[in-house]
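K.L.:
let's see this in three dimensions:
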Amino acid sequence: KRAASPSFEGLDDMVSRKRFREDTESSPSMTSNSMTKYNALVEDLVQELQCGCCSELVYRPVVVSPCQHFFCGSCCVLWVKNKGTNCPACRGVSTHVTSSRPLQTMLDIILRSDPSRMRTERERMQADEVYKPGQPIRIPAPREPSPEPNFNDTPDWDYARPCPHCAADNQFGWTCPQPIVDYATDSERAWHIDDGAPPGHAYCGNCESLLALQAPITTKCDFCQTSFCGISVHGRCIALPLNAQQPHDMNDLSDFVQSSEIYECFDSNFVEVEILFDYLTTRQITPKKIYRDIVLHIQAQPQGFRPLVESEVFPEIHGITLGVDEDSSALRTRICRHCAADILLWGLRGWWVREREVAIQKGLLQRRPDCEAGSSCSRQKDL
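P.N.:
Residues are numbered from 1 along each chain as shown. This is a model prediction of the structure:
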């Protein structure tokens, strides 16, 4: 019979070899070593599973084919929404984008073992507003580059071209009373662009093309005094009635949540802004609904929009020379997208004060005491 291992010499007879082996394997030094290796493995996986856009642990991953780079679903949607083309990582042409179940399984294992790596509830809600699992995504291929203009062969480059209404047989059924002379037909009478807009014409506030001021489809924003052609870009080259306009870059709640200007409206009071976002998400209140409420509130005031106009809330945001607002108390009926966004941001804080009080009375929000120091509170950024 083989002799016992020296490791068992001196052991009490009541202690079994099996028990000793288990105790040895579970010794603190060996357990510590195993945990160190485990933590290193988790850390390596977390580094490998970072989104190529936001550099955070990927959330609801999607894979771009054929390059196989992966990103958060919400990051990929925002990439496309911001006119991104091809793969955000390698700029390779993408045929399709699909959600990845293997990556999601790995993420679930990591988060179960270390929940502290999970994104905050606010971040998850914002991401879910942008992208939902299984939502189809297509990254567009880049457009063909426009040919470089040959300035030597285009002497009319510095001269105004006829607007869509200048031709007598145009498709819009209305002809300019002062048509622009085409340089190609009469270079002597052509209008040089250094002289400003030709008589009876202006530049569109969106596409910056020449338009006829008296044309039936031409509209004018009563706030920035900019004219729009109503032809080039549907929904943008037009000043709509006040209640019908869509604020610029705020098409839905996801755009609203990602706007840094919202925090500026509340003097960077992140706590109040988070409560606002939660309320809007729960009640499904859109930026356009808030804008309409603000417009109705302003119209109900004795001075209407006059304080906004006189305080120069509407800056020169268009790339053209704006008209002159000769009467700040004049009736305002039409507005462009940019001015609608300015009104929304200007009145958002007051709207929230009124909406919050109504929600408290209905039991939708809990009443909280406001800080007496207001925006000057020295502890505000410590919350």
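
K.L.:
okay, CA-based contacts and neighbour counts for the rest of this
P.N.:
Fine.

K.L.:
secondary structure class for P199?
P.N.:
Recorded secondary structure, P199: coil (DSSP: H, G, I helix; E, B strand; the rest coil).

K.L.:
biggest helix in the chain by residues?
P.N.:
In the chain, taking DSSP state H as the definition, the longest helix is helix 337-361.

K.L.:
which other helices and strands contact it?
P.N.:
Applying 3 or more Cα pairs under 8 Å, 6 or more residues apart in numbering; DSSP states H and E, one finds that helix 337-361 contacts helix 260-265, helix 287-299.

K.L.:
list the buried residues for that helix?
P.N.:
Across helix 337-361, burial judged by 16 or more other Cα atoms under 10 Å covers 337-349, 351-352, 356.

K.L.:
check what contacts that helix and list those residues.
P.N.:
Contacts with helix 337-361, where a contact means Cα atoms under 8 Å, 6 or more residues apart in numbering, come from 223-224, 236, 239, 245-250, 261-262, 265-266, 276, 290-291, 293-295, 313-314, 317, 365-367.

K.L.:
which of the helices and strands packed on helix 337-361 has the lowest mean pLDDT?
P.N.:
The stretch with the lowest mean pLDDT among the helices and strands packed on helix 337-361 is helix 260-265, at a mean of 84.

K.L.:
give me the mean pLDDT for the very next helix or strand once past it.
P.N.:
Using DSSP states H and E, the helix or strand that follows helix 260-265 towards the C-terminus is helix 270-283. Taken as a whole, helix 270-283 has a mean pLDDT of 87.

K.L.:
swap in stretch 231-246?
P.N.:
On average, stretch 231-246 scores 89.

K.L.:
pull that stretch out as PDB, backbone CA atoms only.
P.N.:
Taking C-alpha atoms only, stretch 231-246 is exported to PDB below (Å, rounded to 0.1, in the frame of the first residue of the first chain):
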ATOM      1  CA  ILE A 231     -40.000  75.900 -53.200                       C
ATOM      2  CA  SER A 232     -36.700  74.300 -52.500                       C
ATOM      3  CA  VAL A 233     -37.000  72.300 -49.200                       C
ATOM      4  CA  HIS A 234     -40.500  71.200 -48.100                       C
ATOM      5  CA  GLY A 235     -41.300  72.200 -44.600                       C
ATOM      6  CA  ARG A 236     -38.200  74.400 -44.200                       C
ATOM      7  CA  CYS A 237     -38.400  77.000 -46.900                       C
ATOM      8  CA  ILE A 238     -41.600  78.400 -45.400                       C
ATOM      9  CA  ALA A 239     -42.800  80.500 -42.500                       C
ATOM     10  CA  LEU A 240     -45.900  78.800 -41.100                       C
ATOM     11  CA  PRO A 241     -48.800  80.100 -38.900                       C
ATOM     12  CA  LEU A 242     -47.700  80.400 -35.300                       C
ATOM     13  CA  ASN A 243     -49.400  77.300 -34.000                       C
ATOM     14  CA  ALA A 244     -48.500  75.100 -37.000                       C
ATOM     15  CA  GLN A 245     -44.700  75.600 -36.900                       C
ATOM     16  CA  GLN A 246     -42.200  73.000 -35.700                       C
END
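
K.L.:
and that stretch, what's buried?
P.N.:
Within stretch 231-246, the residues scored as buried using 16+ other Cα under 10 Å are I231, R236, C237, I238, A239, L240, L242, N243, Q245, Q246.

K.L.:
helix/strand/coil for the last one?
P.N.:
The one in question is Q246. Using three-state DSSP, the secondary structure recorded for Q246 is coil.

K.L.:
quick one: residues contacting it.
P.N.:
Neighbouring residues of Q246 by Cα under 8 Å, 6+ apart: K288, R337, A340, A341.

K.L.:
and those residues as a markdown table, adding distance to C54?
P.N.:
Below are the contacts of Q246 laid out as a markdown table (distance: Cα to Cα, whole Å):
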| residue | distance to C54 |
| --- | --- |
| K288 | 29 |
| R337 | 30 |
| A340 | 31 |
| A341 | 27 |
